[in-house]
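Undergrad: Next input, structure requested:
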Amino acid sequence: GLSEQRSVKALSALTRASKMREYPTWAWETFLAAQRREKDSPRFAALIAERLTRLPAASLAALMRPVTQWPQKVSKSLTERFPSAFDRLFDALIVQLQCNSAVGASAVVRGRRAPEWATEGLNAPVGFLAQSIMNDARTGGIAPSAGLPERWKRDAHRLLGLPGDLHRHALVFFAHGACWIYATDPNWCKEEILVFAGGGDADDVAAFWEGFFWRGRAPVSELFLYLKPALLRLLSHPLTRNHENRGALARLLLVAWGVLRDADGERCITHAELRDVLVEGDDGLRRQVAWHAETWARETRDSADDWSGRVIELLTHAWPRQKRAKSSAVSASLCHLALSSYPLAETIRAVLPLVGPVEDSNHLLLPLEGDDNYIRLDACPEAFIALLSAVLPNNVAIWPYGIDAVLSRLSNNPAARDNPQLLGLMRRWQAR
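TA: Here you go, the predicted model:
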């Protein structure tokens, strides 16, 4: 209550206790964690920072978590009005982390699981500090390529130089902001941050790409091309076994192929390069690429950035035709992509050489009555029949739900009722 309602009195009490060489951890934790700290004036925040800086090393180390969390609430206003107070506290905290890395441990208990660097960084003192300097008001309004402030680069360098996992907790956030950092100071970004993208340490590589993928948006072409060799090597990295990371990789590859262009107007990922990636990658990556293409084609339909033409180009020029790329799961994903795309007949024709039988009926979702795609069956029945013939397995017992209604609708279509492939499918269905 006192920390919330009477903040000045609470800080005065802590200051008096310090003069008596008493540094109650619980009282400082309560004071720094109070919601009122977010509304403190810059002057009062500077006073808090000065009081914290004067704490003995042992007491500051014991308070590492609450003290590093607190600047996130005030770093923007504090660095704008009283930057020296922020800098002195930062210096004191860095010294403690350099002397005793144990005080910087993440609150996340990893156990035997593979590390999740973004989650660990979000719950670690070094991650808190990295977020604080990413909000430094002194970096605002800097023109592209004008360079970051020397003090900011020094602080970031010290965080990235911490031992063990500590620097990875910071790296996640710098990689997350790599597009802005690169645009502001490209040379420093290459030397201090991008160097981790393809480095020799697997944990450093994972921490960088988890942060970079976390951003969720594509970088500018120049940055992508710089990272491209390291990105393509990720296919063999354990990082991509994670569903979210694999999805982010698929999204970035598809954007680089379909949208990003280099200085000469060429694709940042060529047809051949994307094809090689899809061959080397696993089913999960191939399905993610197909899913993103399907989603973007649906979301951009009839817009200036319509992906319908890109989908056909993807299937015709970049999608692999090797047997390993025609698994049941991938064939089902390509089938869904074809059925949700426009123009339907042309997309199905592009898909046909790329699919095989779908042995798992749970993977193959046919258009059902009431769906938009169900009505579209009437527009190009021949193409849809060809697709069914390609993906329906030999075992009729595992044909997907809704096949009876689909075959019935097709057989009632005058343009399709005499189709030999349809007649063959009907005979197999009726003989089950």
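Undergrad: hey, let's count contacts and neighbours off CA atoms from now on
TA: Will do.
Undergrad: Any regions of the chain where pLDDT drops low?
TA: Counting by pLDDT under 70, the chain contains low-confidence ranges at 1, 367-374.
Undergrad: Strands along that one, start to end?
TA: Counting by DSSP state E, the chain forms no strands at all.
Undergrad: Check the offset of stretch 266-285 from the chain's centre.
TA: Chain-centre distance of stretch 266-285: 19 Å, with C-alpha atoms, centre = their mean, to the nearest Å.
Undergrad: Give me the contacts around it.
TA: If you take C-alpha atoms under 8 Å, 6 or more residues apart in numbering as the criterion, stretch 266-285 is touched by 221, 224-225, 232, 235, 243, 246-247, 250, 253, 256-262, 286, 314, 317-320, 322, 324-325, 327, 329-330.
Undergrad: Apply 7 Å and report the result again.
TA: 225, 235, 246, 250, 256-257, 260-262, 286, 317-320, 325, 330 (C-alpha atoms under 7 Å, 6 or more residues apart in numbering).
Undergrad: Now for those: which two are most distant?
TA: Greatest spacing in the contacts of stretch 266-285, by C-alpha to C-alpha: Asp262 and Val330 (30.5 Å).
Undergrad: So which of these two has more stuff around it?
TA: Remark: of Asp262 and Val330, Val330 carries more neighbours, 25 against 15, as counted by other C-alpha atoms under 10 Å.
Undergrad: now the helices for the stretch 1-150 of the chain?
TA: Counting by DSSP state H, counting those that start in this stretch, the stretch 1-150 of the chain has helices at residues 2-5, 7-19, 25-33, 42-53, 57-62, 64-69, 71-81, 83-99, 117-122, 125-134, 150-160.
Undergrad: Counting by contacts, list what the longest one packs against.
TA: What it means is helix 83-99. If you count contacts as 3 or more C-alpha pairs under 7 Å, 6 or more residues apart in numbering; DSSP states H and E, helix 83-99 packs onto helix 42-53.
Undergrad: from the chain's centre, how far out does the helix it packs on sit?
TA: Taking mean C-alpha positions (C-alpha atoms, centre = their mean), helix 42-53 and its chain are 36 Å apart.
Undergrad: Which other helices and strands does that helix contact?
TA: Where contact means 3+ C-alpha pairs under 7 Å, 6+ apart, helix 42-53 is packed against helix 71-81, helix 83-99.
Undergrad: before we move on, the earlier item: selection in ChimeraX covering whichever of the contacts of stretch 266-285 are buried, please.
TA: Here is the ChimeraX selection string for the buried members of the contacts of stretch 266-285, based on 16 or more other C-alpha atoms under 10 Å:
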select :225,235,246,250,256,257,260,261,286,318,319,320,325,330
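Undergrad: Between the contacts of stretch 266-285, which sits nearest Val172?
TA: Arg246 (17.0 Å).
Undergrad: Excluding chain neighbours, what is closest to the closest one?
TA: Leaving out its chain neighbours, the residue that sits closest to Arg246 by C-alpha to C-alpha, 6 or more residues apart in numbering is Thr240, at 4.8 Å.
Undergrad: residues near the one you found, how many?
TA: Neighbour tally, Thr240, other C-alpha under 10 Å: 23.
Undergrad: returning to what we had before: deepest of the helices of the stretch 1-150 of the chain, which one?
TA: Stretch with highest mean neighbour count among the helices of the stretch 1-150 of the chain: helix 125-134 (a mean of 26; mean count of other C-alpha atoms under 10 Å).
Undergrad: quick revisit: among the helices and strands packed on helix 42-53, single out whichever gets nearest to Ser18.
TA: Closest approach to Ser18 among the helices and strands packed on helix 42-53 is made by helix 83-99 (16.8 Å; C-alpha to C-alpha).
Undergrad: Which residues outside that closest one are in contact with it?
TA: Outside helix 83-99, the residues touching it (C-alpha under 7 Å, 6+ apart) are 46, 49-50, 53, 61, 78-79, 103-104, 162.
Undergrad: got those as CSV, with distance to Thr300 columns?
TA: Shown next, in CSV, are those (distance: C-alpha to C-alpha, whole Å):
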residue, distance to Thr300
Ala46, 49
Ala49, 50
Glu50, 53
Thr53, 54
Ala61, 53
Leu78, 43
Thr79, 42
Val103, 49
Gly104, 46
Leu162, 45
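Undergrad: For those, which two are the farthest from each other?
TA: Comparing all pairs in the contacts of helix 83-99 by C-alpha to C-alpha, the longest separation belongs to Ala46 and Leu162, at 26.0 Å.
Undergrad: quick revisit: and which of the contacts of stretch 266-285 is nearest to Lys9?
TA: Proximity of the contacts of stretch 266-285 to Lys9 (C-alpha to C-alpha) peaks at Arg246, which lies at 52.0 Å.
Undergrad: Could you report the separation of that closest one from Gly284?
TA: From Arg246 over to Gly284 the distance is 7 Å, taken as C-alpha to C-alpha, to the nearest Å.
Undergrad: what does Leu235 give?
TA: Distance, Leu235 to Gly284, using C-alpha to C-alpha: 11 Å.
Undergrad: Now do the helices in the stretch 301-432 of the chain.
TA: Applying DSSP H, counting those that start in this stretch to the stretch 301-432 of the chain gives helices spanning 308-313, 328-339, 344-351, 372-376, 381-391, 403-411, 420-430.
Undergrad: tell me the most buried of those?
TA: Comparing the helices of the stretch 301-432 of the chain by mean neighbour count (mean count of other C-alpha under 10 Å), helix 328-339 ranks first with a mean of 25.
Undergrad: and the angle from it to helix 344-351?
TA: Angle, helix 328-339 to helix 344-351, by axes from the mean of the first three to the mean of the last three C-alpha atoms, to 10 degrees: 150 degrees.
Undergrad: between helix 328-339 and helix 381-391, how many degrees?
TA: 170 degrees.
Undergrad: Tell me how many other residues crowd Leu232.
TA: For Leu232, the tally of surrounding residues (other C-alpha under 10 Å) stands at 16.
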